[in-house]
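**Q** Structure here, sequence nowhere to be found:
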């Protein structure tokens, strides 16, 4: 059983529930947010080990939020996996340039997700050191 904390950020309630349930089944501690503001509030309460973040969020897109988190000393070590249903050529490179540590196209392959997340967490993720003062939007 993992003690790792994953924050799932997705504005689609169905996707949010499906991914959260799957991660819970994998043994992760899961929290959720439906937009960047909720994500920052969740991070403020308890920094996750990993963020699984939809790129197309309604308030601030996921790549902008990733850039924001990666430029803050208190959050730059959090691993971020960009997730998108609109996988276009060059999107993965844009996600990596924004500071994301990995990229997954939707629909998510449930057969490989567990190993993808484990690999991302093994490549230098922090242990979720606690709360911080999140940057303001």
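**A** Arrived safely, thanks for sending. Just so it is clear, the structure is predicted and the values come from calculations on it, not from any experiment.

**Q** what helices or strands is the helix or strand where residue 44 lies leaning on?
**A** Take DSSP states H and E as the rule and residue 44 turns out to sit in helix 36-45. In terms of contacts (3 or more Cβ pairs under 8 Å, 6 or more residues apart in numbering; DSSP states H and E), helix 36-45 is packed against strand 5-9, strand 29-33, strand 50-54, helix 62-70. Yep, even glycine has a C-beta here, placed from its N, CA and C like the rest.

**Q** relative orientation of that helix and helix 62-70 in degrees?
**A** Orientation of helix 36-45 against helix 62-70 (axes from the mean of the first three to the mean of the last three Cα atoms, to 10 degrees) gives an angle of 30 degrees.

**Q** How far off centre is helix 36-45?
**A** Chain-centre distance of helix 36-45: 12 Å, with Cα atoms, centre = their mean, to the nearest Å.

**Q** Okay, buried residues for that helix please.
**A** Across helix 36-45, burial judged by 16 or more other Cβ atoms under 10 Å covers 36, 37, 38, 39, 40, 42, 43.

**Q** Same check on stretch 56-74?
**A** Those would be 57, 60, 61, 62, 63, 65, 66, 67, 68, 69, 70, 74, for stretch 56-74 by 16+ other Cβ under 10 Å.

**Q** Looking at those residues, which one is closest to residue 83?
**A** residue 62 (7.9 Å; Cβ to Cβ).

**Q** Surely residue 103 is in a helix?
**A** No. Going by DSSP: H, G, I helix; E, B strand; the rest coil, the assignment for residue 103 is strand, not a helix.

**Q** List the buried residues for the one helix or strand in the chain whose mean pLDDT sits lowest?
**A** None of the helices or strands of the chain scores lower by mean pLDDT, DSSP states H and E than helix 91-97, at a mean of 83. Residues of helix 91-97 classed as buried: 91, 92, 95 (neighbour count, 16+ other Cβ under 10 Å).

**Q** Not counting sequence-adjacent ones, nearest residue to the first one?
**A** Right, the one you point to is residue 91. residue 84 (6.2 Å; Cβ to Cβ, 6 or more residues apart in numbering).
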